Each structure stands twice: as structure tokens, then as C-alpha cells.
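Q: Fold the following.
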Amino acid sequence: MANVINTGVEEKSSPVEDLLKLLKGRVVEKVLEVTRENAVTGKEEKVLLCRANNGRFFVTKVGHPKEAAVFSDICKLLPDEPSIVRLFGTTQRRVGYDDWSDTDICVSVLHMEYANGGDMFKFLEGYTNRGEPVDRKVVSSFMVQLSGGLVKIHEKNIVVRDIKPANILLHNPDQLDHDQPSKVTADTRVKYTDFDHSAILPKGVGALFHMNRKGTPGFYTPRVARLRRENRCTRLVKHYDPYSADVWCLGMTFFWLMTSFPAFLYGKKWEECWNRCVERNDFTELLDTYNLSSRFEPGWLELVTRMLHKDSKERPTAKEVFEAVLALNPEPLEKKDPEEVKIVEAAVTPDKLKKAAVGATVGAAAAKAVVETEAAKAVMETEAAKAVVEI
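A: Coordinates of the predicted model:
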């Protein structure tokens, strides 16, 4: 299937050897899905579930070389991040020849971690069709993981630019039988995937992007939606904050998790709903229609409303969202899954630890001073009593 190893490292490095071992003698278990028409080949491509000789399951899909390169760089920056699908490696497949440039036309084949729970879109679609609410503990757990993962992504100057349920995978690490449907619980892990619109920005440099095809209808930020209506999406746009755009898309995902319905359903009332919520900058009325007050405290609704603020400067950062979710989460940290605890602990900055350590030191010194004062006072009282007896 593959004839060129393209990992960006030397042939003697362990990632290449690991990838060769993974691909040698692999068995295709089943076709997971058929993707849309590939931009390079012009054909529909299959996403395959494969099993290696050692029994490890992994997924093989065809992608654009640029997507493979960005995905590979992201995984190098965040090699142990549990909220990102792991990329085992990429290979290249020759699909044609370009006479004009005298070069081969190739596609990248991505070999990735397998998530046995499918994507979040299919999970939420079931609740939407049934009109049932998602379990509160599941919603809370997913919000912690997604916001904590986005904090780590943004800390590495990575912007996703297409966060949506279809690009979030679910995985139950305890399930060994891959032929059975995976049950989604509060212990289910969520993982970001599909980074074909993502970018790694130079630190401290403002973003300047071509706006065409970045994002998904229904998850567009107000600025992108306005530019598309004005047919200006093929131009370079200044003062566009992709970090805040990620928060908006995450807010849309939170909305769907909490209500079991997407904020904007396609149909006759789509534009009317958009104008009522976005142009007026008020999602309160829409949220109230789902009677969420019986399941969520006011703080949850306020957080989502802030994330969906029309002005990107008024939206919270990913870090602020994560801290708010932790504060609203009723489950104590020590009862959570180790992977989730890892996400939480990874988001605690050194400054916070330093402040906590200083606070603890000051507190200990103050407590010691109190003890010493009490001891001195006791000695003085004893000496005074002794003097009285002697007199």
C-alpha cells in the first residue's frame, strides 16, 4: 500500500521502526466509513480499521499531505496529550504523475489511534432524534476533558479552527471487544481529531488567514458568517482571533451537549434563529426553551452564553473556560478517571503552583508563630504561678 516512509525523521529513529512493525502483516478488519471526495485523488476514500500482528488496533485513512504534516507537527508538540488522537505515523501513496511540474502526485496515508466509541456527532444525533437529554455526568466529564485539552493545544500556539462533534472521537479504554458497540459513560475519553484546517502560529504573531472553507456551517463565528454573506471569504482577513473562534465552536459543542440539540438547525427558521441569537447577542431565550435550569446551575448557562458572545474580545479564553468548568463541576477531582486527572493537572500552571507553595509556606509560618506564642504564654503563666506559691 505504501512505498515511501514520510515521518520527518531519520530512517534509524524508533518512530519509523515502530510504524513498519505496525504495518507489517496488518489485517483489515472492516471499513469504518467512506469519506467525502478526496481533494487529490478526486475519489471517495475508505477509513479502515486494521489489526497489527501484536493485536493492536489502529485506523488508516487517506488525507491531504498538508493535513498529515500539520497533524504530525501537533503530535510532536503534544506527544502525551490524552485529548488528542495519537498519530502512529504517515506514509505516502503515489496516485499519479504531473507532466507540467514533472513530479509525482501523492496522497498521505495516516495511521492513527483507534477510538472505539465513534464520533460525538453520531452519539449526540441519537439523543437529538429521540429528544432525550444526555446524562449530566457525561456532559460534565466531556466539558472538563474538552476544555482542558484545548488549554494545552492553545498553550502550544495551535489553533484547531474546526471544533465540532464530528471531529471529536469517543473511546472506552476498558473495552476489549471491538465488535460490540461502545457504551458511552462519564469515564469515556474524548479526543480531538481531523486537523486539516488547523495551524501552528508563531508565538506573539497576530493571525492572518484566508477565510475560505475554514470551519463548518452552523459553527461559524459571527465574523466568519458575516464575511461569507458578503462574499469576502477568499480574502486575507486581519484582526481575526482564531483562539477565540475555537472557544466559540467549543461553546456550540457545549450547547449541543447540554440541550441534545444543535443551536442552529438547518431549515426555514435557521436565519431567523441566527438573527435572534447572534445579531442581538443573546442566547438566553434559546437556552430557556430547553428548560435547563432543572439540570444545570445558572453558572453553566452563563458560561455558554459568554463563550457565544458576538464580540470575540468578550469571550473567555480556553483557560478561563476550563477553570469555570472545574468550579462548576460537582464531582471531586480524586474520584475522576486517572486520564482526566492528568488533563486537569497538566493545565495547572507553574505560577499557580508557586503561589500555592508560597501561600502554604506563609500559612505554615503563621501557624508556627501562633504555636510559639501560645507556648511562650504558657511558660509565662507557669512562672507567674510558681512565683505566687513561693511568696
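Q: And the helices in this structure, which stretches?
A: Assigned by DSSP state H, the chain shows helices spanning 14-23, 65-77, 120-130, 136-155, 222-229, 242-259, 270-274, 284-288, 298-307, 318-328, 338-346, 350-390.
Q: worst average pLDDT in the ones you listed?
A: Mean pLDDT across the helices of the chain is lowest at helix 350-390; the value there is a mean of 45.
Q: end to end, how far does stretch 158-166 reach?
A: 19 Å (C-alpha to C-alpha, to the nearest Å).
Q: Now do the buried residues in it.
A: 158-166 (16 or more other C-beta atoms under 10 Å). Placement of C-beta: from N, CA and C, glycine included.
Q: Any figure for the gap between the residue lying closest to residue 196 once chain neighbours are set aside and residue 122?
A: Excluding the flanking residues, the one nearest residue 196 by C-beta to C-beta, 6 or more residues apart in numbering is residue 67, at 3.8 Å. For residue 67, the distance to residue 122 equals 22 Å [C-beta to C-beta, to the nearest Å].
Q: same thing with residue 275?
A: Between residue 275 and residue 122 the computed distance is 30 Å (C-beta to C-beta).
Q: neighbour count winner among the two?
A: residue 122 (13 against 10; other C-beta atoms under 10 Å).
Q: if we can go back for a sec, in CSV, list the buried residues of stretch 158-166 along with pLDDT.
A: Below are these laid out as CSV (pLDDT from 0 to 100):
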residue, pLDDT
158, 94
159, 93
160, 93
161, 88
162, 90
163, 95
164, 94
165, 94
166, 92
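Q: what about residue 27, neighbour count?
A: Neighbour number of residue 27 under other C-beta under 10 Å is 9.
Q: actually residue 67, not the one I typed
A: Neighbour number of residue 67 under other C-beta under 10 Å is 20.
Q: so it touches residue 162, yeah?
A: No. Assessed by C-beta atoms under 8 Å, residue 67 is found out of contact with residue 162, at 11.2 Å.
Q: any residues in contact with both of the two?
A: Residues touching both residue 67 and residue 162 by C-beta atoms under 8 Å, 6 or more residues apart in numbering: residue 196.
Q: thought residue 189 was touching residue 168?
A: No. Here residue 189 lies out of contact with residue 168, judged by C-beta under 8 Å, at a distance of 10.6 Å.
Q: More neighbours: which of the two?
A: residue 168 (26 against 20).
Q: Now do residue 252: how many residues are near it, please.
A: Other residues close to residue 252 by other C-beta under 10 Å number 24.
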